[in-house]
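> 3D, please:
(one chain, ligands or ions: 2)
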Amino acid sequence: MQDFHYTRARALLSNAEEIVSAETVTAAVKNVAAVLNQRFDNDETGAFPLVLGVMGGAVVFTGNLLPQLNFPLEFDYIHVTRYGDLDRGGEIVWKVIPRQDVTGRTIIVVDDILDEGETLAHVKQRLLDMGAAEVILAVFADKDLGRAKPVQADIVGLSIPNRFVVGFGMDAHGYWRNLPGLWVIRDTDKQVEAPAA
Ligand SMILES: O=P(O)(O)OC[C@H]1O[C@H](OP(=O)(O)OP(=O)(O)O)[C@H](O)[C@@H]1O
Ligand code: HPA
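Ligands and ions are numbered 1, 2, ... in the order given. Here you go, the predicted model:
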C-alpha cells in the first residue's frame, strides 16, 4: 500500500507541468499581505480581526501569510472539505466549525483556492448567519472558470487557468501539498484508484 502511494505520487509529479514558480508564489503572498496591512495596519476603529484558515488546503498559505501581517489579530482555523480525494467537488462537510464568538467581528477567511466558489460561499454565509459584521475572503489562487461564481474573493494572490493544480497546500489524492510552486497534473493521473486497504 505504501509502495502504491509512493509510486503514484512520484508518477503524478513526473507527468505534471509547473505553471507557477516558487518565486511567483512568494510575490503573490507578499501582495496579499500588503493589501491586508494597508487596510488594518492604521485602522482607526481599532479593528481586531479574527483570521480563520480553512483547513487543510490553507495551511501553507496561512503559514506564509501570517508572519507578514503587521496588525493585531487573532488566529484560528476551521475545517471544511468538499473534494476529499477527488478532483470534483461534492457535498460540503464541516469537520471543525468556527469556535469563537464571531458576533460583530471582522473575519478574514484565508483559503488556498477559489475554484467553483461553493466552499467559500458557504463559509461566508455561515459566518454572517453567526453574526459576523464583515467577512473578507482572501484566497491565494482564483481559478478562471470563465463563468460567474456564487461568491467572489475580496483579495486574490494569483489568477490561474482552469486546470487541476497541486502545490502550495493544494493536493491530488492527498499528494504534493508541500510543493512550493503550482503544478498542473495530467488528466489521466487523476483517476488512478488506490488498492483497497
Ligand atoms: O471553490 P470550491 O470548488 O468549493 O473549491 C475550493 C475548496 O476546495 C479545496 O478544499 P478541499 O475540499 O479539497 O479540502 P482540502 O482543503 O482538505 O484540500 C480548497 O482548499 C478550497 O477550500
Ligand atoms: O485545482 C485544485 N487543486 C487541488 N484542490 C482543489 N480544490 C479545488 N480545486 C482544486
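
> Go ahead and flag the most central residue of this protein.
What sits nearest the mean C-alpha location of the chain, by CA atoms, centre = their mean, is Asp112, with 1.7 Å.

> counting contacts, what elements does the host helix or strand of it pack onto?
Per DSSP states H and E: Asp112 is located in strand 106-114. Packing partners of strand 106-114 (3 or more CB pairs under 8 Å, 6 or more residues apart in numbering; DSSP states H and E): strand 50-55, helix 59-65, helix 118-129, strand 134-143. (C-beta placed from N, C-alpha, C; glycine too.)

> Make CSV from those and add mean pLDDT and mean neighbour count to it.
Formatted as CSV, these follow (pLDDT from 0 to 100; neighbours: other CB atoms under 10 Å):
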stretch, mean pLDDT, mean neighbour count
strand 50-55, 98, 22
helix 59-65, 98, 20
helix 118-129, 97, 18
strand 134-143, 98, 22
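
> closest to Ala34 out of these?
Smallest distance to Ala34 across the helices and strands packed on strand 106-114 (CB to CB): 10.9 Å, for helix 59-65.

> which neighbours does the helix or strand following that closest one have in its sheet, and in what orientation?
Counting by DSSP H and E, the next helix or strand C-terminal to helix 59-65 is strand 74-81. Strand pairing for strand 74-81, using DSSP bridges, gives strand 50-55 (parallel), strand 93-96 (antiparallel).
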